[in-house]
Structure formats: structure tokens, C-alpha cells
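[1] Predicted structure and sequence below. I'll ask about it afterward.
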Amino acid sequence: MRLLVYPHDLSIGGSQINAIDLAAGAAAAGHEVIVYGIPGPLVDYVAERGLRFIPARPLHYRPAPSRIAQIATIALQNRIDLVHTYEWPSCLDAYYGASLFLNVPLLCTVLSMDVMPYVPASVPLIMGTADLGAQARKVQRSDVWVIEPPIDVDHDNPHIDGSAFRGRHGVSADDFLVVSVSRLALDLKLDALVRAIDAVDLLAGSYPLKLVLVGDGPAGEALGTRAKTVNLRHGRDVVVLPGAEMDPRLAYAAADLVVGMGSSALRALAIGRPLIVQGEKAFSEIFEPKSYELFLKQGFYGLSDASAGAYRLAHQIEELFLDPARRSRLGSFGRQVVTERFSLKRAIDLQLDIYRHVLDKPPRRRMLEAARSARLAFALEFANHHPVRKQKRKNSELAALAAARSGRWPPESIEGDDSAPSGTSAKFHGGLKDV
């Protein structure tokens, strides 16, 4: 097969790394693979995996007319058999040219936490969780498969030595190191990152904890300010933000406990670390046998009750801090689960089978669905660029960042809540009954 793989961008992120790893797996199986995308830090990773890269034209509109024409040209010149896109904007760039008018088979992977209405109903989909797969089957005429985010379990393994990472960040042998590897983004991430800082703040007066947030992004400055306040309160570096690392394996390996979501959570399990899965609206849950089925259904993410403060997460961190034997069991259990269920080799085999299926039974395109998707996409783009809506969105983002710097979290006040605000000197005194 001659494949064109189009991640939604090439910034550092789980979806993009998954796309590149699976593309490299297809190439290793003997197929011709080109990676196409908006240039970013992961261009070097594409080269490391031995893949040919074609840079996309940098247009901010979705779908992008220049990229629609560019993909069609690439498909013609390289006699592409199948285009595999990631997320809906990339899907539409490939659909309104190579697929609709040149009849090149198209497949779309959606790893976001929603079923997007912009993907035409005839486009075959790969979803990242069982729940999302079931939702997509209700609206798609095409086939829908589920492939959870894959992990290279040979590359990410429990034998990696994290001692250099601990030394670099001043983590002593007596310190309990909590690690998060994440983009420091407002969408999906900010709630979890603020609560991680606040949970360690609550516990640091009683236990020798340190939190290292590995990553960068638009929320970095605000989170750094919140971390400085915590460090001043305790007279030591409780929270450290060292920036992004292209290869974060040493960070996972150094950790006594990892907090995170998505592919980052799975990489922690592959390296044999106990894990607390975070989501939004105060969601956090220890990954263990009794929560395994939950995460198989909904992915390594969740939504909760938006409660104020970080007491739920602090409770869970304290549980694991006080029970080293349980941490060891959970680390072994997580490694076993990832090896059996989430391995990259398994995902590559599944995906190659899907490619063959799509090539054998290409769906019929319908101009009506093409018009519908275009209408929805253009309506969204118009709304996103409307001055009033843009200003409201900017104001909302500024308010969230202001609260992340120093305020109560979440930013909205909660009627009748008498718990101590996050980010204050409220002390967590230890003992699960206090949470």
C-alpha cells in the first residue's frame, strides 16, 4: 500500500506520536508511507522513524483550501492508495479533494473526547474508546472501529533508570516524586494540572512530596506562578516545571507515582509506575483492577462533579504514598495490562487490517453529506472568527489563567461550599478522614 498519514499537527502530543508510531509500523511491514502535516517539534521524530515528510501549507482556516489542493496533488503524484487523517480538520482537508473528487479512499482517526459532527457520515472512523465508538456508530453510515492509544512496550519499559532525572531536579532518595507529563494547555489539561499542584500543596506540610510537571504550553506561565506560591509557602521546591522533553521516559521512570491522562497515562503504566488517572471537573481515579473496565470504556480520562479544591486527588495520593506494597502491585498490574491490551504491535496489526478493509470496500460519497459537513465547518469557522465570540473566548481564557495563577479553583464560585480554597495555606493534616 502507498499511504499518506496526516496528523492534525506536529506539536508534541499523544495523538501525534501515536500517528507517527503507527505510520512507522506500517512502513516496517513493507508499505510506502508519507507523513504530511503542519511543521512542528515532531518533524525530527518523523525523521528518526525513517519516514518521508511533506510539510503542509500553514493556513489557519478549517478546512484549508490550499491544503485540500496540496493533498490532492500529493495523492496524484505519489499514486496514494489511502489517506489516513487524525481528527476532523485534517479529515476535511483530505475529503474535499483527494477523496471526494479523486476517489482516494479515506480513513479518519478521532482521539478527542467527542464524536464530532463535521466528519462526513461515509468516512470510516477509528475511535479511541469503546464509549466513543458506540456513539459514533449511531451517526456514521461507515464502519467504525476502536483502537486505544498504542504504546511501544519495548521502548517504554520498567528497566529504564530514572535516577538521572531525579538528580537533575533535586529529588532526594527520601522524596516521594509525583510526575505529570502533559501539554500545559487550557483545553482538557488545565483543570487537572491546577488540581495536581493544589493536591501536593495540601500534602507537602505532612509528607516529603515533590511534583514535577513536564511539558510546555500556553498555561505554563500561570502554572509556574501558582507553583512559586506553593514553594514559598513551604520553603522548598515542592512543584517544579522544567519544560518539555522530547523523550520523557526518564521522567516516568523517576516517578514514585504518575498523574495524567490519555497516552501519557498508558506510557506510565508501560514503564511500571502506579497511576492516578485525571480528567476534567475534578475527575481522578487510581488505576487498579476494580477501575480497569471503567477506563476501557471511557478511555484514560473522565469527568466528575467540578468540586472545589483538590481534596479527592490529595486523598488518592496519600493512599498510595502510605502503601509502598500497593504501589508495587499496581505498577506490575499496569505493565501487564498495557503489554496485553495496548501494545503498539497489536495496534499496527489491527490498523493494517482496517486499511485492507477500507480498500476492499470503499464507501460511496454523497454530495449531500459533503454539503452538510462543509456547512457545519464553515459555520464553526465563522463563529470562531466573529469578533464578539473571539473576545468572549479570550476573556474566558484570561479568567481561567488568572485563577490558575493564584485564585480559587475552579474559577466559578460554588454556592454553599465551605471547603478551604485551593492555593491557600489550608493544611492537609493527613489521615483519609480529613479529605
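    Done, it's in.
[2] In the stretch 101-250 of the chain, what residue spans correspond to helices?
    130-137, 163-168, 190-204, 220-234, 249-254 (DSSP state H, counting those that start in this stretch).
[3] now, of those helices, which is deepest in the fold?
    helix 190-204 (a mean of 26; mean count of other Cβ atoms under 10 Å). Quick note: C-beta positions are derived from backbone N, CA and C, even for glycine.
[4] Which residue ranges of this protein form strands?
    With strands called from DSSP state E, the chain shows them at 2-6, 32-37, 52-55, 82-86, 106-110, 125-127, 144-146, 176-181, 209-214, 239-243, 257-260, 275-278, 284-286.
[5] so which of the ones you listed gets nearest residue 388?
    strand 106-110 (29.6 Å; Cβ to Cβ).
[6] Which one, of the helices of the stretch 101-250 of the chain, ends up nearest to residue 355?
    helix 130-137 (17.9 Å).
[7] mind saving the C-alpha coords of the closest one as PDB?
    Taking Å, rounded to 0.1, in the frame of the first residue of the first chain, the C-alpha atoms of helix 130-137 are listed here in PDB:
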ATOM      1  CA  ALA A 130     -15.400   1.900  23.400                       C
ATOM      2  CA  ASP A 131     -17.900   4.500  24.500                       C
ATOM      3  CA  LEU A 132     -16.900   6.900  21.700                       C
ATOM      4  CA  GLY A 133     -17.000   4.000  19.200                       C
ATOM      5  CA  ALA A 134     -20.600   3.200  20.300                       C
ATOM      6  CA  GLN A 135     -21.600   6.900  20.000                       C
ATOM      7  CA  ALA A 136     -20.000   7.200  16.500                       C
ATOM      8  CA  ARG A 137     -21.900   4.100  15.200                       C
END
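[8] And for that helix, what's in contact with it?
    Residues outside helix 130-137 that contact it (Cβ atoms under 8 Å, 6 or more residues apart in numbering) are 110, 113-115, 125, 127, 144-146, 296-299.
[9] For residue 47, state which of these is nearest.
    Nearest member of the contacts of helix 130-137 to residue 47, counting by Cβ to Cβ, is residue 110, at 26.5 Å.
[10] Any chance of the strands of the chain in a markdown table with mean neighbour count, mean pLDDT and distance to residue 338 as columns?
    Formatted as a markdown table, the strands of the chain follow (neighbours: other Cβ atoms under 10 Å; pLDDT from 0 to 100; distance: least, Cβ to Cβ, whole Å):
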| stretch | mean neighbour count | mean pLDDT | distance to residue 338 |
| --- | --- | --- | --- |
| strand 2-6 | 23 | 98 | 23 |
| strand 32-37 | 22 | 97 | 25 |
| strand 52-55 | 14 | 97 | 29 |
| strand 82-86 | 27 | 97 | 21 |
| strand 106-110 | 26 | 95 | 19 |
| strand 125-127 | 24 | 96 | 19 |
| strand 144-146 | 19 | 96 | 16 |
| strand 176-181 | 25 | 98 | 15 |
| strand 209-214 | 24 | 98 | 20 |
| strand 239-243 | 17 | 97 | 25 |
| strand 257-260 | 27 | 98 | 13 |
| strand 275-278 | 29 | 98 | 10 |
| strand 284-286 | 20 | 98 | 16 |
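[11] Please convert those strands to JSON lines, extending it with distance to residue 377.
    Shown next, in JSON lines, are the strands of the chain (distance: least, Cβ to Cβ, whole Å):
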{"stretch": "strand 2-6", "distance to residue 377": "16"}
{"stretch": "strand 32-37", "distance to residue 377": "19"}
{"stretch": "strand 52-55", "distance to residue 377": "23"}
{"stretch": "strand 82-86", "distance to residue 377": "14"}
{"stretch": "strand 106-110", "distance to residue 377": "14"}
{"stretch": "strand 125-127", "distance to residue 377": "17"}
{"stretch": "strand 144-146", "distance to residue 377": "20"}
{"stretch": "strand 176-181", "distance to residue 377": "32"}
{"stretch": "strand 209-214", "distance to residue 377": "34"}
{"stretch": "strand 239-243", "distance to residue 377": "35"}
{"stretch": "strand 257-260", "distance to residue 377": "31"}
{"stretch": "strand 275-278", "distance to residue 377": "31"}
{"stretch": "strand 284-286", "distance to residue 377": "35"}
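[12] Quick check: which of those strands is nearest to residue 393?
    Of all the strands of the chain, strand 106-110 comes closest under Cβ to Cβ, at 22.8 Å.
[13] angle of the closest one against helix 130-137?
    Strand 106-110 runs at 140 degrees relative to helix 130-137, counting by axes from the mean of the first three to the mean of the last three Cα atoms, to 10 degrees.
[14] coming back round to it: so which of the strands of the chain comes closest to residue 312?
    strand 284-286 (5.7 Å).
[15] just checking, what packs against the closest one?
    In this structure, strand 284-286 packs against strand 275-278, helix 311-321, with contacts taken as 3 or more Cβ pairs under 8 Å, 6 or more residues apart in numbering; DSSP states H and E.
[16] Helices of the stretch 251-400 of the chain, start to end?
    262-270, 292-298, 311-321, 324-341, 344-360, 367-385, 387-406.
[17] Contacts for the second one next, please.
    Same thing as helix 292-298. 129, 130, 131, 148, 277, 285, 287, 302, 337, 341.
[18] Any chance of CSV for the helices and strands packed on strand 284-286, columns distance to residue 88?
    Below are the helices and strands packed on strand 284-286 laid out as CSV (distance: least, Cβ to Cβ, whole Å):
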stretch, distance to residue 88
strand 275-278, 25
helix 311-321, 32
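[19] Please work out which of these is packed deepest.
    strand 275-278 (a mean of 29).
[20] picking that back up, the helices of the stretch 101-250 of the chain: which one's closest to residue 330?
    helix 249-254 (14.3 Å).
[21] if I pick the residue lying closest to residue 327 once chain neighbours are set aside, what's in contact with it?
    Using Cβ to Cβ, 6 or more residues apart in numbering and skipping residues adjacent in sequence, the residue nearest residue 327 is residue 274, 4.4 Å away. Shown in contact with residue 274 (Cβ under 8 Å, 6+ apart): 256, 257, 258, 286, 287, 320, 326, 327, 330, 331, 334.
[22] and of those, the nearest to residue 153?
    For those, the nearest to residue 153 is residue 334 (11.2 Å; Cβ to Cβ).
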